[in-house]
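Q: sharing a model prediction with you, sequence too.
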Amino acid sequence: MSAAAVNQLVLTACVAELGALRFTPAGLPAIDLRLEHESTITEAAQPRQVKAALKAVAFGAVAERLARQALGSLWRFQGFLATPRNGKHPVLHIQDFQQD
């Protein structure tokens with residue numbers, strides 16, 4: 001990979017599942033969640049209905065803020081994708097979120 005490689009994701013989604021706030025072995029707050037996105041996107045000059053669900057995780061102050069949000073609430077999430085060591089699917093690591 002070059003130094004110019006980019007791994008950044010911005011996604012508007014609702015909080016479909018929210019785990020309990022937990023702490024890593026190093027004492028860092030962490031939370032697991034599942035996000036759901038639904039929109040209409042133009043692809044090849046045609047409108048397309050898009051639905052996506054993905055697992056996400058947040059750490060530190062972001063995790064503490066997320067733990068206080070309601071299920072079904074809609075946010076604009078920013079972060080990066082990473083595949084867990086024993087996983088098959090990428091997980092969104094949320095670095096920030098705000099009302100869209």
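A: In hand now; what should we look at? Numbering: from 1, shown residues only.

Q: export stretch 60-73 as PDB, just CAs?
A: Extracted in PDB, the C-alpha atoms of stretch 60-73 (Å, rounded to 0.1, in the frame of the first residue of the first chain):
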ATOM      1  CA  GLY A  60     -13.400   6.100  24.000                       C
ATOM      2  CA  ALA A  61     -15.500   9.200  24.300                       C
ATOM      3  CA  VAL A  62     -17.300   8.300  21.000                       C
ATOM      4  CA  ALA A  63     -18.400   5.000  22.600                       C
ATOM      5  CA  GLU A  64     -19.700   6.800  25.700                       C
ATOM      6  CA  ARG A  65     -21.700   9.200  23.500                       C
ATOM      7  CA  LEU A  66     -23.200   6.400  21.400                       C
ATOM      8  CA  ALA A  67     -24.300   4.500  24.500                       C
ATOM      9  CA  ARG A  68     -26.700   7.300  25.300                       C
ATOM     10  CA  GLN A  69     -28.400   7.300  21.900                       C
ATOM     11  CA  ALA A  70     -31.800   5.800  21.200                       C
ATOM     12  CA  LEU A  71     -32.400   2.800  18.900                       C
ATOM     13  CA  GLY A  72     -33.700   4.000  15.600                       C
ATOM     14  CA  SER A  73     -32.000   7.400  15.800                       C
END
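
Q: pLDDT of that stretch, averaged?
A: For stretch 60-73, mean pLDDT is 97.

Q: list the buried residues in the helix or strand hosting residue 37.
A: Residue 37 belongs to strand 29-43 when elements are defined using DSSP states H and E. For strand 29-43, a neighbour-count test (16 or more other C-beta atoms under 10 Å) marks 29-33, 35, 37 as buried. Using the backbone N, CA and C atoms, a C-beta is placed for each residue, glycine as well.

Q: just stretch 21-29 next, same as before
A: Neighbour-count burial for stretch 21-29 [16+ other C-beta under 10 Å]: residue 29.

Q: for it, how far is the first residue from the last?
A: 7 Å (C-alpha to C-alpha, to the nearest Å).

Q: can you give the distance of that stretch from its chain's centre?
A: 18 Å (C-alpha atoms, centre = their mean, to the nearest Å).

Q: rewinding a little: out of the buried residues of strand 29-43, which comes closest to residue 88?
A: residue 32 (16.3 Å; C-beta to C-beta).
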